[in-house]
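Enquirer: Here you go, sequence then predicted model.
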Amino acid sequence: MTNRTSDEGRSDDPTDRSVAPRSDHTGGDEPGSPPIRTDGGESSDDREGERTDVETTSDDAASSDEKISEEQAQEMLEGIDRKRTLTGWAAIVTSFIAISFSVFQMWLAARGFDFTATLPFVGEVSLGALQLLQVNSIHVAFALILAFILFPATTGHGAFATRLGRVVPSLASSLGEDHLLTRAADSVRRFVRWLVVDPERERVTVLDVLFMVLAAATALYMVMEWSEIQQLRIFGLEAGRSVAEYLGPLGILAEAISALGIPLADVSYPFFLGIVGVFLVLEATRRSLGFYLTLIVASFIVYARYGYIISPSTPLIGVLSIPQGTWPNIIQNLWYNTENGVFGIPVTVSVQFIYIFILFGAFLEMSGAGQWFIDLAYAATGTRKGGPAKASILASGFMGTISGSSIANTVTTGAFTIPLMKKSGYRSEFAGAVEASASSGGQILPPVMGAAAFLMIEFIGVPFSDIIIAATIPAIVFFFGVWVMVHLEATRADIGGLDRSEVVDIAPHLKRGWFYLIPIVLLLFYLLVERLTVARSAWFTLIAIMALLSVVAAYTKRTRIPLIGGILLVFLAQAASYAITGVGALDAITGVSGEPMGIVDGVLAAGGELGIIAIFVSLVIMILRPGLDSTLVEFDDAVDEASQSIASAVSRPSLADVNAFRYVTFIGKSMDSGARTSTEVVVAVAAAGIIPGVVSATGLGPNLTALIKAVAGGSIVLLLIFTAIASIILGMGMPTTVTYIILVSLLGPAIAQSSDIPLLAAHLFILYFGVIADITPPVAVAAYAASGIARSDPFQTGVQAFSLSLNKAIVPFAFALTPGILLLRGRGEQAAVITGADVADIGYFIPEVVIPVLGVFIGVIALGATVIGYFYSRVSRVERGLFVVAAFLLMAPALVLNAVFDLGGALGLVGAVPNTVTVDLAMRFAGGILFGALALKNRREAEQGKRETPAGSPEPTD
C-alpha cells in the first residue's frame, strides 16, 4: 500500500484503493478555508519564494500539489527551450531588436513592401520598395540575430565539451600544473570558454556577436546589392565580385586569410555569403531546435552535392540517383531563390501569415486573456464530476487559440490545472497526461491553428477559411474524446468537482472580461464572412485588440463620457475631412489635399481608422488623468513586471501605476514576446525549406514518389500508415511545422498520385500525426513538460497522454477516406468545401456527412471505454476488445474495409474494394449495434451490481 499525506489526493499508484470514495466537495481542508483560485491565490511575494523541483522528498511531499507560480512556469519553459536569461544591457538590446522585428512585420501587414509614409509638416518620406527575396532575407536575419542572442552555442556540459574539459586535468596529472604544455592548454581552454561557452545561460559570447554581424551582413547585401543579385541569377554566383574586391579596404583581411592557405580573397562574395548564410541557419537550428533536425537538413545538402554517386542500377535505392551538381549552383538554389530553399515558400508564409498571427496571440496573452479564459473554463465546468480535468481541457483549448504551441500551452495552463486535478483525486500521471493531450490539440483547433495550417495556404492553394471549416469537426471530436475519457475516469474513481465557492461566478466573470472574446469573433468574421486575406484579417484584429485594451484601460464611470464622446468627435471630424478634402483631418490641417470622397465613402474611410482613433483618444484620457484607476483591465503579470522594472530603471517607481505607461508597456511587451516566440518558428521554417529546395533542384521528387508507391504496393492503407509512422518519428522532438514541411515535400505527392484522397485531407492527415508526436514516447516533449509539473513518471505520463489522444490517431484515417467528415465534397483535386446546395441535397448530405460525423462522435465514446476500462461499470478485457471493434466500425469503416481487401488481394482471395456508400453505412450501422449492445449490457450489470469492485482491488486505468 502506498502512503500519502493528507493533501496529496489519491496515490499515484493506480492499484491503491484503500481510500473511501470522494465527495463532490474537494475544497479546503476545513470549513471556512479560503477558495482555491486558479491563478494560484498567492501574493507576488509568496510566489517569489517558491521553488519547483523535478524530484521531491518525503519532507516536501505535502506541498506536491501546490500550484507553481507564473515565474516558475516561465523558468520551466525556458529550461525546455534552452533559452538564456539575460539582464542589463543585453536584455535591453534584445528587447530593442525583438520590438524592431515586430515593427517591421506590422508595417508589412499594414502597408506591404512599399516603405513610404506621409508625415505631418514633412510630407512624403520614401525608403523605397523591397522585393520578396529582400523581405524574406530581413525576416530570417532578424530571427537569426535573436536566436544567437537567446540560445547559447554551448553550456560546456555536453558530451563533446566534457571530453575536451578532461584534457587539461589529464595534462596536469601527468606533466604537472606548472608544465609549459599544461599552462598553454589551460590558456587555450580559458580563451575558448570566453569565446564560446555560456555555462549559466546568461552571457552573450564573442562568437554570438560575430554570428549576429554575419547574419546582418547577409540581409544588408540583399537590400543594397539588388541589381548585382539580379545579374547573378543569369550568370551564376561565380560572376559576382570577389570577397577582397567587395570589402574594399577591409579586403586585406581576406588576403591575410588566403596567405594561410584558405583561398578566401578570390572567392565570389555572393557565393561566400550564401555559404555563410546556410551555415548560420544550420547553427541557429542546432541551438534552438536541437542536433536532430540540423543533421537531417545537413544530410540533404550533402545529398544535393554527392547524390550522383548512387548508381541508377542499384536495387531499390537506384531511383535516388541524381545528376551531379556544383556548390555554386546548390548555394544559388538554396540562398538566392524564393521558389525553394531557405527563402522559399515556408519563409514567405512566415512573413505573410505566421508572424502576424503569433503577434496576435502575444497581444491576446499579454492582455490577460489567458488567465481570464482559464477562470472561465473552471467557472463553466469546475464543479462537475471530475471538473478540474474537464476545465483543463477547455482551458487548454482556449490557450491553444492564443499560443498554438503544445509545450508553451502545457506549461502555462498546466501550472494551474495539474495541481487542481491532483487535489481532486486524479493520479499524477493521468493529470499530466490530460493537460499534455489537451494542450497538443491547440495546433489543430481553429481559428488560430499552428504555423503548419498557414503553410497549407501556399502548398495547396486554398483559402484559410476553407482550412478552418475543414478542421473544425475533427478538432471538436478530439477534445470531446478527451472529455469522455476524463469523465469515465472520474466516474470510475468517484472523483467529484470543486465546490461552487471555489470558482468564480460565470455571469460576473463574463461581464468583467467579455471584451476578450471580441478579437476572436472579429477574426472569424474577417476570415469567414468578409473573406479577407489572412494577413489583413490578422492585422485588423491586432488593431482591434490594441484599441479595445486602450478603451478598457481608460474607461471608468468618471471618464466614460469624455472617452466615448472624444472617440465619436474625432471620428466625425475624420469622416468630414475625408468627405470634403479627400484626406484625413491631420493631413488637411497641414495643407495636404486630395479628391473629395463624399459622405458615404468618407465615413467608410474613417471607419477603417476607428481603431487608431480609439487608441489616440484613450491615450489622451489616460495622460490627462495619470491617477486613473481602471478596474476592468488586468494585464498579464509579465506586463506589470516589465512596467515596474522600467519605472525603477528610470528612478520613477510611481510610473508603474500610471495606466498610460502600463498600456504602452503592454504594447512593447507584446511585440517583444511575439518576436521571441517567432524566432524558433522562423528558424525552423528556414531550415526546413532547404529540404523541398533540394528535392526540387535535384529532381528527386518524381523518383521518390515512384519509390514510395512501389513500397506501398498500391495500398492506400499502407501508404497512410507509412505517412503516420514517418510523421511520428520525424516529429519526435521537432516542431510540428518542420515535420509538416518535410513530409509534404517527400510524401505529399505520393499520396496525391496514389489515391483519390482530397489534397486538403492529405495535408491535415500529416498535420495531425505531426501533432501526435508531441505526446508520443519516447520523445513526448509536451508530456514530459507536464510530468515536470505533475511530478510524475515522464514515460508513463507520455504513454497515458498517447492513450488519451488515441482518437487523434484514428480520426485522420477516418477523414482521409471519408471526406464528408471534413465537410468536403468530392475526391482528389475536385474536392471542395460543401455549400448550402450540398446541405440541401439530402441524398448526399445525410449518408456522407451527417452519419459519418455522428459515427465518429459515438466511436470516440467507445474508444473511451476501451482506454479507461470503464463505462457504467468495469469493462472486461473481452468487452474492451469489442468496444475497439465498434469504435473502428463507427469511425473509420473504410479503413477496415480497405485493410481487409488489401490483405485478401495479396493472398489472391478477393478483388477490388467495394467502395460504395451503402457498404460504408452498413458497417457503421453494425458498429452502432455492437456499441449499443455493449453499452446496454454494461449498464444492466452496473444496475444489478455484478461489476462492483471490492475495496482495495485494482481497476484498469489504461
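Expert: Structure's in. What do you need? No experiment lies behind these values; they were computed from the predicted model shown.
Enquirer: Is residue 593 in contact with residue 578, as I believe?
Expert: No. Residue 593 sits out of contact with residue 578 when judged by CB atoms under 8 Å, with a separation of 11.6 Å. All C-beta atoms are positioned from the backbone trio N, CA, C, and that covers glycine.
Enquirer: So which of those two has more stuff around it?
Expert: Ranked by neighbour count (other CB atoms under 10 Å), residue 593 and residue 578 place residue 578 first, with 27 against 11.
Enquirer: My guess is the more buried one contacts residue 601. True?
Expert: Yes. Using CB under 8 Å, residue 578 is in contact with residue 601, at 7.1 Å.
Enquirer: Please, which helix or strand holds residue 803?
Expert: helix 794-804 (DSSP states H and E).
Enquirer: in that helix, what's buried?
Expert: For helix 794-804, the neighbour count (16 or more other CB atoms under 10 Å) marks 794, 796-804 as buried.
Enquirer: Please name the nearest non-neighbouring residue to residue 147.
Expert: Excluding the flanking residues, the one nearest residue 147 by CB to CB, 6 or more residues apart in numbering is residue 284, at 4.0 Å.
Enquirer: How many residues are close by that neighbour?
Expert: Neighbours of residue 284 (other CB under 10 Å): 29.
Enquirer: same thing with residue 924?
Expert: By other CB under 10 Å, 24 other residues sit near residue 924.
Enquirer: now residue 100
Expert: Neighbours around residue 100, by other CB under 10 Å: 14.
Enquirer: name the element it belongs to?
Expert: Residue 100 belongs to helix 88-111 when assigned by DSSP H and E.
Enquirer: Now do the buried residues in that helix.
Expert: Of the residues in helix 88-111, 90, 94-95, 97-99, 101-102, 104-106, 108-109 count as buried by neighbour count, 16+ other CB under 10 Å.
Enquirer: Same question for stretch 242-257.
Expert: Applying 16+ other CB under 10 Å to stretch 242-257 flags 242-244, 246-247, 251, 254 as buried.
Enquirer: before we move on, what about stretch 598-615?
Expert: Neighbour-count burial for stretch 598-615, counted by 16+ other CB under 10 Å, picks out 602-603, 605-606, 609-611, 613-615.
Enquirer: Where does the prediction get shaky in this protein?
Expert: 1-81, 118-124, 400-405, 733, 906-913, 915, 946-958 (pLDDT under 70).
Enquirer: what's the distance between residue 272 and residue 245?
Expert: Using CB to CB, to the nearest Å, residue 272 is found at 12 Å from residue 245.
Enquirer: er, residue 758 actually
Expert: From residue 758 across to residue 245, the span is 54 Å (CB to CB).
Enquirer: again with residue 227
Expert: Computed as CB to CB, the residue 227 to residue 245 distance reads 16 Å.
Enquirer: which one of the buried residues of helix 794-804 sits closest to residue 744?
Expert: If you rank the buried residues of helix 794-804 by distance to residue 744 using CB to CB, residue 802 comes first, at 23.6 Å.
Enquirer: all strands for this structure, in order.
Expert: Assigned by DSSP state E, the chain shows strands spanning 114-119, 123-129, 824-825, 832-833.
Enquirer: just those strands: most buried one?
Expert: Comparing those by mean neighbour count (mean count of other CB atoms under 10 Å), strand 824-825 ranks first with a mean of 23.
Enquirer: if we look at that one, which residues are touching it?
Expert: Strand 824-825 is contacted from outside by 470, 758, 760-761, 819, 831-834, 838, 844, 848, using CB atoms under 8 Å, 6 or more residues apart in numbering.
Enquirer: 7 Å - rerun?
Expert: Outside strand 824-825, the residues within contact range by CB atoms under 7 Å, 6 or more residues apart in numbering are 470, 758, 760-761, 831-834, 838.
Enquirer: what would those look like in TSV with distance to residue 923?
Expert: Listed next are the contacts of strand 824-825 as TSV, based on distance: CB to CB, whole Å:
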residue	distance to residue 923
470	24
758	21
760	25
761	20
831	22
832	26
833	26
834	23
838	23
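Enquirer: what residues does the helix holding residue 803 touch?
Expert: 429-430, 432-434, 436-437, 482, 485, 775-777, 780, 783-784, 786-787, 790, 867, 958.
Enquirer: mind redoing it with 6 Å?
Expert: Outside helix 794-804, the residues within contact range by CB atoms under 6 Å, 6 or more residues apart in numbering are 429-430, 432-433, 436-437, 482, 485, 775-777, 780, 783-784, 787, 867, 958.
Enquirer: What is the distance between it and the centre of its chain?
Expert: Mean-position distance between helix 794-804 and its chain equals 20 Å (CA atoms, centre = their mean, to the nearest Å).
Enquirer: swap in stretch 133-147?
Expert: On the basis of CA atoms, centre = their mean, stretch 133-147 sits 20 Å off its chain's mean C-alpha point.
Enquirer: OK, contacts around residue 512?
Expert: Contacts of residue 512 (CB under 6 Å, 6+ apart): none.
Enquirer: at 7 Å what do you get?
Expert: The contact partners of residue 512, taken as CB under 7 Å, 6+ apart, are residue 632.
Enquirer: And it, how far from residue 552?
Expert: 10 Å.
Enquirer: Now for the two: what residues contact both?
Expert: In contact with both residue 512 and residue 552: residue 632, using CB under 7 Å, 6+ apart.
Enquirer: okay, now residue 520: neighbour count?
Expert: For residue 520, the count of nearby residues is 18 (other CB under 10 Å).
Enquirer: what's the spacing between it and residue 537?
Expert: With distances taken as CB to CB, residue 520 is found 12 Å from residue 537.
Enquirer: and what of residue 429?
Expert: 41 Å.
Enquirer: Next up, the contacts around the closest residue to residue 582 other than its chain neighbours.
Expert: Sequence neighbours aside, residue 594 is the residue nearest to residue 582 in space, at 2.9 Å (criterion: CB to CB, 6+ apart). By CB under 7 Å, 6+ apart, the contact set of residue 594 is 581-583.
Enquirer: Top of the residues you listed by number of neighbours, please.
Expert: In terms of neighbours by other CB under 10 Å, these top out with residue 583 at 22 neighbours.
Enquirer: out of the buried residues of helix 794-804, who's nearest residue 746?
Expert: Nearest member of the buried residues of helix 794-804 to residue 746, counting by CB to CB, is residue 802, at 24.3 Å.
Enquirer: Roughly how far does that closest one sit from residue 782?
Expert: Residue 802 sits 11 Å away from residue 782, going by CB to CB.
Enquirer: Need the residues touching each of these two.
Expert: Shared contacts of residue 802 and residue 782, counting by CB under 7 Å, 6+ apart, come down to residue 775.
Enquirer: still on that earlier bit, could I get the strands of the chain as a markdown table with distance to residue 502?
Expert: Formatted as a markdown table, the strands of the chain follow (distance: least, CB to CB, whole Å):
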| stretch | distance to residue 502 |
| --- | --- |
| strand 114-119 | 53 |
| strand 123-129 | 56 |
| strand 824-825 | 44 |
| strand 832-833 | 43 |
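Enquirer: for those strands, which one sits closest to residue 650?
Expert: Nearest of the strands of the chain (CB to CB): strand 114-119, 27.8 Å.
Enquirer: Just give the closest residue to residue 468, not the sequence neighbours.
Expert: Among residues not flanking residue 468 along the chain, residue 446 sits closest, at 4.2 Å (CB to CB, 6+ apart).
Enquirer: And the one you found, its phi and psi?
Expert: phi -70, psi 160 (degrees, to the nearest 10).
Enquirer: That one - how many residues pack around it?
Expert: Neighbourhood size, residue 446 [other CB under 10 Å]: 21.
Enquirer: quick one, what contacts it?
Expert: 468, 471-472, 475.
Enquirer: Please report how far it lies from residue 470.
Expert: 9 Å.
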